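Student: Pasted the sequence and its predicted model underneath.
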Amino acid sequence: MRKVAIILSWIITSLGVIALVTLPINLQTQLIASIAVVTFMAVIKILRAEGTWRLTALAFGTAIVMRYVYWRTTSTLPPFNQLENFIPGFLLYLAEMYSVMMLGLSLFVVSMPLPPRPSRAASEGKYPSVDVFVPSYNEDAELLANTLAAAKAMDYPAEKLTVWLLDDGGTLQKRTSPNLLEDQMAKARHQELQILCNDLDVRYLTRDRNEHAKAGNLNNGMRHSTGELIAVFDADHAPTRDFLLETVGYFEDDPKLFLVQTPHFFLNPDPVERNLRTFERMPSENEMFYGIIQRGLDKWNASFFCGSAAVLRRQALDQTGGFSGLSITEDCETAIALHASGWNSVYVDRPLIAGLQPATFASFIGQRSRWAQGMMQILRFRFPLLKRGLSIPQRLCYMSSTLFWLFPFPRTIFLFAPLFYLFFDLEIFMASGGEFLGYTLAYMLVNLMMQNYLYGSFRWPWISELYEYVQTIHLLPAVVSAIVNPRKPSFKVTAKDESVLVSRLSEISRPFFVIFAVLLLAVLVTAYRVYTEPYKADVTLVVGGWNLLNLLLAGCGLGVVSERGELTATRRVKVARRCEFGLDEQWYPATIDNVSVNGARVNVYAKNLGTLPLDKRGLIRFTPYSSGHEEILPVAVRNTQVAGDIVTVGCLYLPEAARDHSLIADLIFANSQQWTQFQMSRRGNPGLLRGTIWFLGLALYQTSRGIIYFFSSPGARDKARLAAEAKR
């Protein structure tokens, strides 16, 4: 009876909403209703009301969106017999309906996400055996050494933990390649990594042939291991000491649990953050997914495997034939298969690994192209909406995750739609200036406010639009290719540990300048048409304002593709650990101030020590978390600064043995709390108004920087960049 009552209440409510949305009202009433809803939502946000009030505000916003959809569908489409207007007009309509659909799916997924789960350590004496897989393809030994050392140092019973390096760069296929260079490089890599693994006391495993990419590599690891659980870390994802203690206990609670996924935290900014200089003060792009969306998916038992920073149950993988390899996104595909087989997943919202993301814009686009194409393959081959075994909420969640990657299509249409009217006088949107204000502007404001409600401090205003714009130009052909021929895309490894030594324009930046020039010309056309056609000024100004918004995004995009020169790919991490600094057989009290994967900065208390010569050998003596007694790490002096009795020494690590890599990993990766603190320091919500003003300033500055890069030599760009930043 209770179920029937709930269904009936939903039906009655839905009919009431439909009647309200389709109620014929005049433009003045629509304006008043829109202003009232926007004001109500703003007040609720200012008062920071949660729970029922939050849902009420979202419900009112949804009503405005539905009202817009009804008006847009019944009153604005060009006549069908005017094909030159109807075709682009209908494409614009479809793009808007896609956006509304994705907003609806977002509301379903994240309107009330689960709160972060508490820690769940395994019960004493019930530690399951764990195989740690680190799949590798072309990463260098130093990067792998840090990850393997960190994995080996995890706080877990040694007899229950086995770390494996799964090397796909030294396969028999590569070591016997007819290409002499590939053959010799694979043999050298094979030998070097075997020695490294032996020194670190981890298992080295390769295979005969490079088949089915990462999924095939992981399945080969399964065939040679026996652990009850499998932890997977990408080659550049080093775990903290408490990774397993924070995750394996959940498997004890639920025998049908196949996955515990944790967020991906990155030491370095992505190219957008690096070139815009937002890494230290604004949440990273991936935090919206890992901070909100995954918790929303977790509510519906639909959080999925993200390829790394996760623990999986071997029994579940055996039931479905291991890791799925039909698509190039084996992680999400594997999760769909296991969810459909009745297995459950858990998401732990705490950063327990630190990794590297692409440093160059071209590598960033390459990575996103692989994700987009993989999701299109899943959409074509698995189609979650009709996947047998998935619950209805799971189907909607997976559809949300896959359909998101169609964004290049609507983003392209939104970018060029104003130009149809401004350049060709095509009427693809049949409405007056007043109707634009009453319906379209209200819809846009409510849409932005709802996004701010949903994602708050995890995503600042207009940043999603910027990320979508800078990806759209190059992702559109990749997505089309995967839709037309879903078997064509192949797995490509993302470049690791890159750096941009000299400021320059990205090698794939040309289309961004062409688009900016076209949109800028459209601004001039807008002014000309307002002057020559005053009787259509209201519509022209509205369309011109839309184009101006596109121009701001395009201008900010110029800054994104203007690569800033940096010597290293990683940021330094504040640590504040006591140590001693050794020089010429004498030890001085010191504090490690910050660390990176390459070196550390040490504050040494030493009267009259003075400036140290470059490359002078030194030693850092400290107590690692793993051993409890002091150990020594050799370093080379790179720079010194003297301030009274404190000498600040910039050091470069000089690892000479496997234990040195373990000490480096202990300095950087052992403490998970530092990643949480860094994330929290960036999570401030500027609000819609302040966020918009901030973005406007950012867009204007980045537009000027991109134009400077375009017209100047690399050396002049560096000087101009330094001069511009000195004025800020």
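Tutor: Great, that's in hand.
Student: quick check: longest helix of the protein.
Tutor: helix 83-110 (DSSP state H).
Student: Report all helices and strands that that one contacts.
Tutor: helix 52-75, helix 294-299, helix 392-403, helix 408-424, helix 442-455 (3 or more CB pairs under 8 Å, 6 or more residues apart in numbering; DSSP states H and E). C-beta: built from backbone N, CA, C; applies to glycine.
Student: The same query, at a cut-off of 6 Å, please.
Tutor: Helices and strands touching helix 83-110, by 3 or more CB pairs under 6 Å, 6 or more residues apart in numbering; DSSP states H and E, are helix 392-403, helix 408-424.
Student: Distance from it to the middle of the chain?
Tutor: Centroid separation between helix 83-110 and its chain, computed with CA atoms, centre = their mean, to the nearest Å, is 24 Å.
Student: Show me which positions of that helix end up buried.
Tutor: Neighbour-count burial for helix 83-110, counted by 16 or more other CB atoms under 10 Å, picks out 85-86, 88-89, 91-93, 95-96, 98-100, 102-103, 105-107, 109-110.
Student: Mind checking the pLDDT average for the next helix or strand after it?
Tutor: For helix 83-110, the succeeding helix or strand toward the C-terminus, using DSSP states H and E, is strand 130-136. The predicted model gives strand 130-136 an average pLDDT of 97.
Student: what sits against S369?
Tutor: Residues near S369 by CB atoms under 6 Å, 6 or more residues apart in numbering: 475, 478.
Student: Ramachandran angles for it?
Tutor: Geometry field for S369 lists phi and psi as phi -60, psi -40, criterion degrees, to the nearest 10.
Student: Tell me the spacing between it and P489.
Tutor: 8 Å (CB to CB, to the nearest Å).
Student: hmm, what's the outermost residue in this protein?
Tutor: The outermost residue of the chain relative to its centre, with distances by CA atoms, centre = their mean, is N608 at 47.9 Å.
Student: Can you give me the pLDDT of that one?
Tutor: pLDDT, read off for N608, is 76.
Student: just A670 next, same as before
Tutor: The model reports A670 with a pLDDT of 87.
Student: likewise A5?
Tutor: 61.
Student: swap in L722?
Tutor: At L722, pLDDT is 51.
Student: Same check on the one 4 residues further on?
Tutor: With respect to pLDDT, A726 has a value of 48.
Student: And for D318?
Tutor: 94.
Student: Equivalent analysis for Q679, please.
Tutor: We have a pLDDT of 89 for Q679.
Student: secondary structure class for it?
Tutor: helix (DSSP: H, G, I helix; E, B strand; the rest coil).
Student: Just want the most central residue of the chain.
Tutor: Centre-nearest of the chain using CA atoms, centre = their mean is N286, 2.6 Å out.
Student: nearest residue to that residue other than its sequence neighbours?
Tutor: H264 (6.2 Å; CB to CB, 6 or more residues apart in numbering).
Student: tell me the SS of that neighbour?
Tutor: coil.
Student: and I25, how many neighbours?
Tutor: Other residues within reach of I25, judged by other CB atoms under 10 Å, total 12.
Student: Skipping adjacent residues, who's closest to it in space?
Tutor: That would be A33: by CB to CB, 6+ apart, it lies 7.6 Å from I25.
Student: Let me see the residues that make contact with the helix or strand harbouring the one you found.
Tutor: According to DSSP H and E, A33 maps onto helix 27-46. With CB under 6 Å, 6+ apart as the test, helix 27-46 has contacts from 53, 57, 60-61, 64, 434, 438, 442, 445, 449.
Student: could you redo the last one with a cut-off of 10 Å?
Tutor: By CB atoms under 10 Å, 6 or more residues apart in numbering, the residues outside helix 27-46 that reach it are 20, 23, 25-26, 49-50, 53-54, 56-58, 60-61, 63-64, 67-68, 71, 432, 434-435, 437-439, 441-443, 445-446, 449-450, 452-453, 456, 685, 687-689.
Student: and what of stretch 117-124?
Tutor: Against stretch 117-124 from outside (CB under 10 Å, 6+ apart): 127-128, 155-157, 160, 242, 244-253, 260, 295, 298, 346-350.
Student: Only whichever of those residues are buried, select them in PyMOL.
Tutor: To isolate the buried members of these in PyMOL, using 16+ other CB under 10 Å:
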select buried, resi 127+128+155+156+160+242+244+245+246+247+248+249+250+251+260+295+298+346+347+348+349+350
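Student: Inside strands: which ones of the contacts of stretch 117-124?
Tutor: Among the contacts of stretch 117-124, the members found in strands (DSSP state E) are 260, 346-347.
Student: For those residues, give me JSON lines that also has distance to A576.
Tutor: Putting the ones in strands among the contacts of stretch 117-124 into JSON lines (distance: CB to CB, whole Å) gives the following:
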{"residue": "V260", "distance to A576": "31"}
{"residue": "V346", "distance to A576": "33"}
{"residue": "Y347", "distance to A576": "31"}
